[in-house]
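Chemist: coords please:
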Amino acid sequence: MSSVTSRNPSVLQSLWLSLAIVVLDLGSKALASSMLSYNLPVSILPIFDLRLLHNTGAAFSFLASESGWQRWLFIAIAVVVSGLIVHWLRQTEPEHKMQAFGYAAILGGALGNLFDRIVHGYVVDFISLHYAGWYFPAFNIADVGITLGTIALIIDALFLSKDRSK
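Modeler: Numbers count the residues shown, from 1 in each chain. Here you go, the predicted model:
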């Protein structure tokens, strides 16, 4: 058994989740890039459009207007955070499934967006939610993975870890 899974065989299951998120993310971004025109919305529901956008910044387009140096900063951050997440995932006890899910979902999302930054120099976003003229920043499947993973870790920290400490 490899060193990644020797301490905790369920790590391999978690890494499959990460891989699934990466595959769904990159596949959906490729599809959006090939089928959508840049910044032209395709209405799906009254509150949901598909709208191809390229984000050179981070969450909510943070630092997107900078000259390009932010690409390398965000790549470095994603590599370091991904390494830390793999380490934390290896340390996660097999019965702490919510924690493992959280780490795996964040890792999959981080790797999906990291691929975009390395290959394209920007992250492909295409999911647009809006209501009454208010638009939430566009996002992608990787961002959904990161968000769900973060929610899982918060739930684990607030509710489940207290049960473990008893």
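Chemist: for the longest helix along the chain, list every residue counted as buried.
Modeler: Counting by DSSP state H, the longest helix found in the chain is helix 10-35. Burial within helix 10-35, assessed by neighbour count using 16 or more other C-beta atoms under 10 Å, is assigned to 10-11, 14-15, 17-18, 21-22, 24-26, 28-29, 32. Quick note: C-beta positions are derived from backbone N, CA and C, even for glycine.
Chemist: what sits against the spatially most central residue of the chain?
Modeler: With distances taken as C-alpha atoms, centre = their mean, residue 109 lies nearest the centre of the chain, 2.2 Å away. Applying C-beta atoms under 8 Å, 6 or more residues apart in numbering, we find residue 109 in contact with 21, 25, 141-147, 149.
Chemist: what about residue 144, neighbour count?
Modeler: If you count neighbours by other C-beta atoms under 10 Å, residue 144 ends up with 18.
Chemist: and the closest residue to it other than its chain neighbours, how far from residue 16?
Modeler: Closest residue in space to residue 144, ignoring its immediate chain neighbours: residue 109 at 7.3 Å, by C-beta to C-beta, 6 or more residues apart in numbering. Residue 109 is 15 Å from residue 16, where distance means C-beta to C-beta, to the nearest Å.
Chemist: what of residue 132?
Modeler: Distance, residue 132 to residue 16, using C-beta to C-beta: 40 Å.
Chemist: pLDDT below threshold where in this structure?
Modeler: Residue ranges of the chain with pLDDT under 70: 1-9, 58-68, 162-166.
Chemist: helices of that one, start to end?
Modeler: Using DSSP H, helices in the chain cover 3-6, 10-35, 69-91, 97-119, 141-155, 161-164.
Chemist: kindly reformat those helices as JSON lines containing distance to residue 41.
Modeler: Below are the helices of the chain laid out as JSON lines (distance: least, C-beta to C-beta, whole Å):
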{"stretch": "helix 3-6", "distance to residue 41": "42"}
{"stretch": "helix 10-35", "distance to residue 41": "12"}
{"stretch": "helix 69-91", "distance to residue 41": "26"}
{"stretch": "helix 97-119", "distance to residue 41": "21"}
{"stretch": "helix 141-155", "distance to residue 41": "18"}
{"stretch": "helix 161-164", "distance to residue 41": "42"}
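Chemist: need the winner for burial among those helices.
Modeler: Most buried of the helices of the chain, by mean neighbour count (mean count of other C-beta atoms under 10 Å): helix 97-119, with a mean of 23.
Chemist: from the middle of its chain, how far away would that helix be?
Modeler: From the chain centre to the centre of helix 97-119 is a distance of 5 Å (C-alpha atoms, centre = their mean, to the nearest Å).
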